[in-house]
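Participant: one predicted model, sequence on top.
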Amino acid sequence: MSAYAAVARAPRTLTEKEVALLLRTTGLHRDGFRDHCLYSLALASGLREHELVALNVGDIFDARSRARRHVPLTVFKGSRRHP
């Protein structure tokens, strides 16, 4: 028996056209830059909301200011942290 809950249908995802419109709209104004960056990162990486907001600069760059190839994510709700 699977540990996953049964769903009647798969969740709706954004189409390529909707993604382009979202990024174009959020990238139009300086005030939307933060949102544009968050949407871009979420769409490109597949990170969920709580994973995005839990990221720190030290998670992405090492001590020599080079981008890390592997970023360990913080696991919530009492789960173990997996590298």
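Facilitator: That came through fine.
Participant: hey, let's count contacts and neighbours off CA atoms from now on
Facilitator: Noted.
Participant: how far does the lowest-mean-pLDDT helix or strand in the chain sit from the chain's center?
Facilitator: In the chain, no helix or strand scores lower on mean pLDDT, DSSP states H and E than helix 57-60, which sits at a mean of 74. On the basis of Cα atoms, centre = their mean, to the nearest Å, helix 57-60 sits 14 Å off its chain's mean C-alpha point.
Participant: how about stretch 26-35?
Facilitator: Stretch 26-35 has its C-alpha centroid displaced from the chain centroid by 17 Å (Cα atoms, centre = their mean).
Participant: any idea of the mean pLDDT in it?
Facilitator: Average pLDDT, stretch 26-35: 88.
Participant: hmm, who's touching it?
Facilitator: With Cα atoms under 8 Å, 6 or more residues apart in numbering as the test, stretch 26-35 has contacts from His36.
Participant: using CSV, list the CA coordinates for that stretch.
Facilitator: In CSV, the C-alpha atoms belonging to stretch 26-35 read as follows (Å, rounded to 0.1, in the frame of the first residue of the first chain):
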residue,chain,number,x,y,z
THR,A,26,6.8,40.8,-12.8
GLY,A,27,9.9,41.9,-14.6
LEU,A,28,8.4,45.1,-15.9
HIS,A,29,8.8,47.3,-12.9
ARG,A,30,11.5,47.8,-10.3
ASP,A,31,9.0,47.2,-7.5
GLY,A,32,8.4,43.7,-8.8
PHE,A,33,12.0,42.6,-8.9
ARG,A,34,12.0,40.6,-5.7
ASP,A,35,8.9,38.7,-6.9
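Participant: right, I'll leave it there.
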